[in-house]
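# okay, here's the prediction I keep looking at, along with the sequence it came from:
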Amino acid sequence: MSTTKKKIARWNDGMEYKRLGKTREKISAIGIGTWKMGVEPKREAEAIRAAVERGVNLVDTAEMYGTEHIVREALDGYDNVFVATKVSPSHFRHDDLIRACNASLERLGVREIDLYQLHWPNNSIPIKETMQAMEELVKQGKIRHIGVSNFSLSELKEAQAALKSNEIVSEQVEYSILVREPEHGLLDYCKKERITLIAYSPLARGAIFEKKYNALQMRLEGIGSKYKKSASQVALNWLIRKEPVVAIPKAGNVEHAIENAEAASFRLSEQDLKEVNGFL
């Protein structure tokens, strides 16, 4: 990171902030994901900075994505941004995980990772071994919080039980109007246990704008007209209205980054929430 004086990423009145798990940490309800970035690194870094300037303080990446260096470049000069990354399941052995974390620290240019997540379950490696390494990293001051990603409810519970001194603060899964699997138990569990649910691909990788979902798009546009918001902003707001949920849409350019950030600047009415809920 640059040694020059850093800008402080400030909270924005147009952004909603939620508590991370049971911690005192506050993260923006709309973050920014970096999966499939790397096509135009300069423009993508500008998009991340535009989001941060509008109150987004959660930036998510992963060693598997190959985008940690883009996050480093984008956040050079900024302080107080919450950086989340993930370790690949092939690195879940104790020593491999320690090495993977050190490599991510180097690529990100930070001394401590705010949220370190297990990217996918790996049933060939005992979860106790993996979690022991995660807790060692916390003790060493290399990571602050532990999360998981793409774990089933039973796998999440098993991972939590394997921890001795820490708690899992977040579960990252795919969740959108079209992908509702988290609603089959996981969402309620996270709400009850105060585990933040981080929704990736919250716009279903753009599928909500495909011709076959024209009825959904028209419905979202109709609702959005009441608030002077776009269909995608309505779809994102529908997600973050759920208590434990924050969303991390990707934005490859400044325009989309700003649009996504502003999805937290309004609140859908109960009637509009029910109308969106009833699509599937």
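Sure thing, it's come through. Numbers count the residues shown, from 1 in each chain.

# all strands of this structure, in order?
7-8, 17-19, 26-28, 32-33, 58-60, 78-79, 82-87, 113-118, 143-149, 168-174, 196-200, 245-247 (DSSP state E).

# can I get those in JSON lines with mean neighbour count and distance to residue 45?
The way it works is simple: take the backbone N, C-alpha and C, and place the C-beta from them, glycine included. Below are those laid out as JSON lines (neighbours: other Cβ atoms under 10 Å; distance: least, Cβ to Cβ, whole Å):
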{"stretch": "strand 7-8", "mean neighbour count": "12", "distance to residue 45": "15"}
{"stretch": "strand 17-19", "mean neighbour count": "16", "distance to residue 45": "24"}
{"stretch": "strand 26-28", "mean neighbour count": "22", "distance to residue 45": "18"}
{"stretch": "strand 32-33", "mean neighbour count": "28", "distance to residue 45": "11"}
{"stretch": "strand 58-60", "mean neighbour count": "28", "distance to residue 45": "11"}
{"stretch": "strand 78-79", "mean neighbour count": "15", "distance to residue 45": "11"}
{"stretch": "strand 82-87", "mean neighbour count": "26", "distance to residue 45": "14"}
{"stretch": "strand 113-118", "mean neighbour count": "24", "distance to residue 45": "19"}
{"stretch": "strand 143-149", "mean neighbour count": "23", "distance to residue 45": "23"}
{"stretch": "strand 168-174", "mean neighbour count": "23", "distance to residue 45": "22"}
{"stretch": "strand 196-200", "mean neighbour count": "24", "distance to residue 45": "20"}
{"stretch": "strand 245-247", "mean neighbour count": "26", "distance to residue 45": "21"}
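
# nearest to residue 217, of those strands?
If you check each of the strands of the chain against residue 217 by Cβ to Cβ, strand 245-247 wins as the nearest, at 18.3 Å.

# what sits up against that closest one?
For strand 245-247, the surrounding residues in contact (Cβ atoms under 8 Å, 6 or more residues apart in numbering) are 18, 27-31, 58, 175, 187, 196-199, 202, 236, 239-240, 263.

# do you know which of the strands of the chain lies nearest residue 49?
Short answer: strand 78-79, nearest of the strands of the chain by Cβ to Cβ, at 7.6 Å.

# partner strands of that closest one, parallel or antiparallel?
Its sheet considered, strand 78-79 pairs with strand 7-8 (parallel) by DSSP bridges.

# pLDDT on the partner strand, on average?
Across strand 7-8, pLDDT averages out at 64.

# what's the answer for stretch 173-182, then?
Stretch 173-182 comes out at a mean pLDDT of 97.

# kindly report the same for stretch 114-125.
Mean pLDDT, stretch 114-125: 98.

# and for stretch 57-76?
Here the average pLDDT along stretch 57-76 is 97.

# just the pLDDT for residue 22.
97.

# tally of neighbours for it?
Residue 22 has 12 neighbours, counted by other Cβ atoms under 10 Å.

# for it, give me its contacts.
Residues in contact with residue 22, defined by Cβ under 8 Å, 6+ apart, are 167, 169, 194.

# shouldn't the first one be in contact with residue 156?
Put plainly, it is residue 167. No - checked against Cβ atoms under 8 Å, the pair residue 167 and residue 156 is beyond contact range at 11.5 Å.

# go through the strands of the chain and name the closest to residue 220.
Across the strands of the chain, residue 220 has its closest neighbour in strand 245-247 (14.9 Å, Cβ to Cβ).

# how much distance is there from that closest one to the middle of the chain?
7 Å (Cα atoms, centre = their mean, to the nearest Å).

# same question for stretch 226-234.
21 Å.
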